[in-house]
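Enquirer: Kindly generate the corresponding structure for this input.
(one chain, ligands or ions: 1)
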Amino acid sequence: MSSAQDPLISASEQIDAGDEDNHRDEGRLESNKPGPASPSLFIWLLTLSAGISGLLFGCVISSTLISLGSSLSNRPLTALDKSIITSSTSLFALLVSPFSSVLADSLGRKRVILVADVLFILGAGVQAACSTVWVMVVGRSIVGMAVGAASFVVPLYIAELAPAEHRGRLVTMNVIFITLGQVVAYIVGYGFGEYGHANTAWRWMVGLGGVPAVVQLFMMMAMPETPRWLVMVGRGLEAKGVVEKVAGGKVAAREVDATVKGIEIEVREEQEGRRLRRRRAHGVDGKAGWVEGFDELFSIRRNRRALAIACLLQGLQQLCGFNSLMYFSATIFEMLGFPIPTLTSLVVAVTNFVFTLAALLIIDRVGRRRILLWSIPFMVIGLLLAAFGFSSIELSSSNSAGSTTAQGNAIVILMSIMVYVAGYAIGLGNVPWMQSELFALNVRSLGSGIATATNWGANFVIGLTFLLLMDALTPTVTFALYALICVGGYVLIWKFYPETAGLSLEEAASLLEDDNWGVR
Ligand SMILES: O[C@H]1[C@H](O)[C@@H](O)[C@H](O)[C@@H](O)[C@H]1O
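Expert: Residues are numbered from 1 along each chain as shown. Sure thing, here's the model as predicted:
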């Protein structure tokens, strides 16, 4: 085959010839070339190692305050104690995620995962050994820092290592671990609650949470840094080795070269652009710091757009109310008269897990935008049906209707919640974590960190307001409000979120240059 016929050969030759105008095309070719049928064993291993953080994240987010009894501060917990203990985790996750993005650029993606592991282990130990409420809050806050850092850096790490055609699937693997962690937390919580000794069971539960972090610490030490970060810090040769390893020997050396060159070109262009902007603004040359990172994120149109979309998706993922079910579904099911509410809650966690698995199978074929536009309507239907079910219960209880009607309504609500959760898990539960593909490399880490902070901020708000809303506005209005938020989110996604499935990271990020936000 001649080089004219072979797009890859011609692309790399053009690069070698120094034709900068054509360099952008190279990234496009990288994404369109037929990739290996399935990810290599090495990339699976790497995703597994990084995904253990997801397991920890899931366990932490779902670990309800199992019976602490009077084992802290020699008194029963007050409502204030409970809300401070619960919200300290999301608050610290929120504070730490943008900060750890700065660390991910200076120390590297992998080291931030290692730091998060150390924090997980420390936090688990402090919680397991604590005897006062305030030490418990300290332990939960340390775990919050770990979750904040890990929830942002793991999807970034996976996305930067994954081949374009499998990226969605591999990032979704991380969400599978999160949802699996949630299922495990429910089962363990239920088991300890039913059969454990009240004063020690919870210590075991939080303490054992440190074990996966120890396992991950050792596994991650053997894993490489991402090629993109390596190129960014001038270690191009190492980057080539990693690309080769990820491909599992299934691609030709020239394709590896082309991939690394594509990244190098992007880095060079961005450094050049940054230098020019600095010179124009301050008349000086020099190394850009993280303040410039913020400046670039907000002053350049394409970066601003990427940030707006990533924050929209992450905010919507939480404001749609899903985690209120994770935190309080047992309370809801108790209210509805289910005999073992914690077991009914497990149904929610399992539905979430199973449909996230389904997302794994179809996400790269269906595409991110399309999967959201298909699945959000199911969330709206589920929420509205649940709202309707609650309104019937409110009516029937005020008319003191028979318990069969109430039971029927409770089942309708459970089914509607399952429809909602399925819709959530297949789209909104995982697509926002593909945030890094929206950003150009120089602002990728910072942008992902801010979007992750948006996720934790909205999570904090939902956790804090759900019970209050149920009380002040009735369950019907609360669920209808979440449906309204989903409708608003749907319209914004339809207007502004372009499809990024199958594109290289470089190509996906440049979509947002378009006047129509890359949507058409
Ligand atoms: O992607 C995850 C997943 O959907 C979890 O089930 C949810 O609890 C988290 O908040 C979310 O970030």
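Enquirer: from here on, contacts and neighbour counts on C-alpha atoms
Expert: OK.
Enquirer: And the closest residue to the ligand within the chain, how close does it get to residue 461?
Expert: Scanning the chain for proximity to the ligand using Cα to the nearest ligand atom identifies residue 429 as nearest, at 3.6 Å. Look at residue 429 and residue 461: by Cα to Cα, to the nearest Å, they are 17 Å apart.
Enquirer: For the two, indicate the residue with more neighbours.
Expert: residue 429 (27 against 16; other Cα atoms under 10 Å).
Enquirer: Could you grab the helix/strand/coil label for that one?
Expert: coil (DSSP: H, G, I helix; E, B strand; the rest coil).
Enquirer: Apart from its chain neighbours, what residue comes closest to it?
Expert: residue 317 (6.3 Å; Cα to Cα, 6 or more residues apart in numbering).
Enquirer: neighbours around the one you found, how many?
Expert: Using other Cα under 10 Å: residue 317 sits among 26 other residues.
Enquirer: Contacts only, for the residue of the chain closest to the ligand.
Expert: Neighbouring residues of residue 429 by Cα atoms under 8 Å, 6 or more residues apart in numbering: 175, 317, 356.
Enquirer: Save the residues you listed as a markdown table, and put in secondary structure too.
Expert: Output for the contacts of residue 429, formatted as a markdown table (three-state DSSP):
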| residue | secondary structure |
| --- | --- |
| 175 | helix |
| 317 | helix |
| 356 | helix |
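Enquirer: which of those are close to the ligand?
Expert: residue 175 (Cα under 6 Å from any ligand atom).
Enquirer: Report the lowest-confidence entry in the contacts of residue 429.
Expert: Ranked by pLDDT, these bottom out at residue 175 (92).
Enquirer: Assign the residue nearest to residue 316 when sequence neighbours are not counted to one of the three secondary structure states.
Expert: Closest residue to residue 316 apart from its sequence neighbours, by Cα to Cα, 6+ apart: residue 489 at 6.5 Å. Here residue 489 is helix, with the state taken from three-state DSSP.
Enquirer: neighbours of residue 489, just the number please.
Expert: Residue 489: 22 neighbours (other Cα under 10 Å).
Enquirer: That one contacts residue 317, correct?
Expert: No: assessed by Cα atoms under 8 Å, residue 489 is found out of contact with residue 317, at 9.5 Å.
Enquirer: Start and end of stretch 225-237, how far apart?
Expert: 12 Å.
Enquirer: Make 252 the starting number, not 1.
Expert: All set: I'll call the first residue 252, so the last point we hit is now stretch 476-488.
Enquirer: rewinding a little: in CSV, list the contacts of residue 680 along with distance to residue 719.
Expert: Formatted as CSV, the contacts of residue 680 follow (distance: Cα to Cα, whole Å):
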residue, distance to residue 719
426, 29
568, 20
607, 29
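Enquirer: any idea what sits nearest the residue nearest the centre of the chain, other than its immediate chain neighbours?
Expert: In the chain, the centroid-proximal residue (Cα atoms, centre = their mean) is residue 684; its distance is 3.7 Å. Distances taken as Cα to Cα, 6+ apart put residue 406 closest to residue 684, at 6.3 Å, once the chain neighbours are dropped.
Enquirer: The one you found: what secondary structure?
Expert: Applying three-state DSSP: residue 406 is helix.
Enquirer: what sits against it?
Expert: 422, 425, 684, 685, 687.
Enquirer: again, but for residue 731
Expert: 634, 635, 638.
Enquirer: Quickly find the element holding it.
Expert: helix 692-747 (DSSP states H and E).
Enquirer: got it, and residue 766?
Expert: Secondary structure (DSSP H and E) places residue 766 outside all helices and strands.
Enquirer: Give me the phi and psi for it.
Expert: In this entry, residue 766 is assigned phi and psi values of phi -60, psi -30 (degrees, to the nearest 10).
Enquirer: Around it, count how many other residues there are.
Expert: Neighbours of residue 766 using other Cα under 10 Å come to 10.
Enquirer: picking up where we left off before, these two touch, right, the residue nearest to the centre of the chain and residue 422?
Expert: Yes: between residue 684 and residue 422 there is a contact under Cα under 8 Å: 7.2 Å.
Enquirer: right, and residue 300 touches residue 467 too?
Expert: Yes: Residue 300 is within contact range of residue 467, at 6.0 Å (criterion: Cα under 8 Å).
Enquirer: so what's the backbone phi/psi at residue 678?
Expert: According to degrees, to the nearest 10, residue 678 has phi -130, psi -80.
Enquirer: so how far is residue 551 from it?
Expert: For residue 678, the distance to residue 551 - Cα to Cα - is 29 Å.
Enquirer: Same question for residue 365.
Expert: Relative to residue 551, and taking Cα to Cα, residue 365 is found at 32 Å.
Enquirer: And for residue 700?
Expert: On the measure of Cα to Cα, residue 700 and residue 551 end up 18 Å apart.
Enquirer: So the two - more neighbours on which side?
Expert: residue 700 (29 against 11).
Enquirer: show me what contacts the closest residue in space to that one that isn't next to it in sequence?
Expert: By the measure of Cα to Cα, 6+ apart, the closest residue to residue 700 outside its immediate chain neighbours is residue 349, 4.2 Å from it. Taking Cα under 8 Å, 6+ apart, we find residue 349 in contact with 697, 699, 700, 701, 703, 704.
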